[in-house]
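K.L.:
here is the input, now give the coordinates:
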Amino acid sequence: MSKKLTILIVVAIILIAAVLAGWKLHFSDNQQTTIVQTATTTTESDMLTDTQQNNESLTGTVTSTTNGQFIYRNDKIGIQFVFPAGWHIGSDSLNNGTLQLFNYDERMPRKGFSQGMNKIEADINTHNVYFNTEYPEKASSTKQITVAGQKSVQEDLELATGLKIRAYFIPMPSQPDLYFGIAVYGDPSNFYVLDNLVQSLSWVK
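P.N.:
Down below sits the predicted model:
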């Protein structure tokens with residue numbers, strides 16, 4: 001084999017190796033880009049859909065309405081209400097704990113409530129006033145209203161931290177010594193969402 005032919009073969013091998021290496025790098029980059037894009041396309045709508053489908057983790061059920069709202073129903077507690085699109089159930093242990101709804105991704109780290117952010121929390125309890133042992137109240141006011149045929153209490157308060165809260169305490173028809181307590185935290189401009197939710201509340205058997 002001549003020296004010239006040997007050189008040509010070596011050059012050809014190097015070129016082939018370079019082409020293969022470049023192709024592998026390009027494929028790897030494309031794979032990585034796809035993974036990143038997939039990881040960042042999760043939207044609030046996706047999260048809301050996941051909540052509705054994962055009914056095994058709910059003590060109640062969630063169904064959608066024709067106007068884009070959602071109906072929460074808990075047959076064991078005997079309660080039903082409507083909540084709007086843009087909100088989702090973060091946890092539901094209403095039978096022996098709390099029910100939480102959010103209008104933001106609660107999985108993301110945060111400090112306090114930014115503008116437009118709210119959380120609604122509900123439970124079954126024995127008191128008809130807001131009870132907090134961690135933070136003292138700065139101001140509060142209450143008024144008597146009727147909700148789903150029950151004489152109930154609406155309470156507005158502000159904690160010493162500046163956090164504003166609106167809460168409702170509604171007697172349970174089947175258990176008069178217990179109240180369905182539900183409160184909204186965060187941006188006061190969205191407190192109307194809780195008002196509408198409470199007005200939609202009904203008792204089911």
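
K.L.:
straight-line length of stretch 182-196, end to end?
P.N.:
The first and last residues of stretch 182-196 sit 12 Å apart, counting by C-alpha to C-alpha, to the nearest Å.

K.L.:
what residues of it count as buried?
P.N.:
Burial within stretch 182-196, assessed by neighbour count using 16 or more other C-beta atoms under 10 Å, is assigned to 182-186, 190-191, 193-194. For the C-beta atoms, the positions are set from N, CA and C on the backbone; glycine is no exception.

K.L.:
return the closest of these with respect to residue 134.
P.N.:
Distance to residue 134 across the buried residues of stretch 182-196 (C-beta to C-beta) is lowest for residue 185, with 13.1 Å.

K.L.:
which residues touch the closest one?
P.N.:
Going by C-beta atoms under 8 Å, 6 or more residues apart in numbering, residue 185 touches 113, 118-121, 163-165.

K.L.:
swap the cut-off to 7 Å and go again
P.N.:
Counting by C-beta atoms under 7 Å, 6 or more residues apart in numbering, residue 185 touches 113, 118-119, 163, 165.

K.L.:
same list (the buried residues of stretch 182-196) but as a markdown table, adding distance to residue 95, pLDDT and secondary structure.
P.N.:
Below are the buried residues of stretch 182-196 laid out as a markdown table (distance: C-beta to C-beta, whole Å; pLDDT from 0 to 100; DSSP: H, G, I helix; E, B strand; the rest coil):
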| residue | distance to residue 95 | pLDDT | secondary structure |
| --- | --- | --- | --- |
| 182 | 15 | 96 | strand |
| 183 | 19 | 96 | strand |
| 184 | 22 | 97 | strand |
| 185 | 22 | 95 | strand |
| 186 | 26 | 94 | strand |
| 190 | 27 | 97 | helix |
| 191 | 27 | 97 | helix |
| 193 | 24 | 97 | helix |
| 194 | 21 | 97 | helix |
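
K.L.:
format these as JSON lines; extra columns: distance to residue 89.
P.N.:
Formatted as JSON lines, the buried residues of stretch 182-196 follow (distance: C-beta to C-beta, whole Å):
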{"residue": "182", "distance to residue 89": "13"}
{"residue": "183", "distance to residue 89": "16"}
{"residue": "184", "distance to residue 89": "15"}
{"residue": "185", "distance to residue 89": "16"}
{"residue": "186", "distance to residue 89": "16"}
{"residue": "190", "distance to residue 89": "17"}
{"residue": "191", "distance to residue 89": "19"}
{"residue": "193", "distance to residue 89": "14"}
{"residue": "194", "distance to residue 89": "15"}
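
K.L.:
between those, which sits nearest residue 155?
P.N.:
residue 183 (8.4 Å).

K.L.:
thought that closest one was touching residue 123?
P.N.:
No. Between residue 183 and residue 123 there is no contact under C-beta atoms under 7 Å: 9.3 Å.

K.L.:
for the contacts of residue 185, which one is nearest residue 91?
P.N.:
Checking those one by one against residue 91 (C-beta to C-beta), the nearest turns out to be residue 119, at 10.9 Å.

K.L.:
skipping adjacent residues, who's closest to the closest one in space?
P.N.:
residue 185 (4.9 Å; C-beta to C-beta, 6 or more residues apart in numbering).

K.L.:
how far away is the one you found from residue 176?
P.N.:
Distance of residue 185 to residue 176, given as C-beta to C-beta, to the nearest Å: 28 Å.
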